[in-house]
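Asks: quick check, what structure comes out for this input:
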Amino acid sequence: MKSKKKTLSDLGGIMYSTDPSFSYENETENADLPMANNQQDLRVMLDRKNRGGKAVTVITGFKSSDEEIEKLGKMLKTKCGVGGSSKSGEILIQGDFRDKIVDLLFKEGFKVKKSGG
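Replies: You can find the predicted model right below:
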């Protein structure tokens, strides 16, 4: 997932160049490469807001491609036996499965922490 540049300092201080042969070097090219599982710091939390009181387990902190997130989400949904979705770099699992998901992700090699109450 690409991070958006919000300020001029995020651009490295370059605003404009009169040199016709100048090309801006993008530092985030290496950010698109998937990170190893043990380098990703994931957070698992329970969310009940704006869902009609239904609990949803949310996993955030992925630094990999959308295809990898979809694949991991499918595995987690299958192991928990429930539905869910993967969108905008997060995995949503229906129900309160925080402990089970933390164990499954830990076995896959991720650094995982429970977050929130």
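Asks: tell me the secondary structure for the residue nearest the centre of the chain?
Replies: Compute the mean C-alpha point of the chain, and by CA atoms, centre = their mean the closest residue is Phe62, 2.6 Å away. At Phe62 the chain is in coil, as set by DSSP: H, G, I helix; E, B strand; the rest coil.
Asks: all strands of the chain, in order?
Replies: Listed in chain order, the strands of the chain (DSSP state E) span 41-47, 56-60, 84-87, 90-94, 111-114.
Asks: would you turn the ones you listed into CSV with distance to Lys100 and mean pLDDT?
Replies: Any C-beta I mention is one placed from the backbone N, CA and C, and that applies to glycine too. As requested, the strands of the chain are exported to CSV (distance: least, CB to CB, whole Å; pLDDT from 0 to 100):
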stretch, distance to Lys100, mean pLDDT
strand 41-47, 10, 92
strand 56-60, 9, 94
strand 84-87, 13, 92
strand 90-94, 9, 94
strand 111-114, 12, 92
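Asks: looking at those strands, spot the one closest to Glu70.
Replies: Nearest of those to Glu70, taken as CB to CB: strand 84-87 at 5.0 Å.
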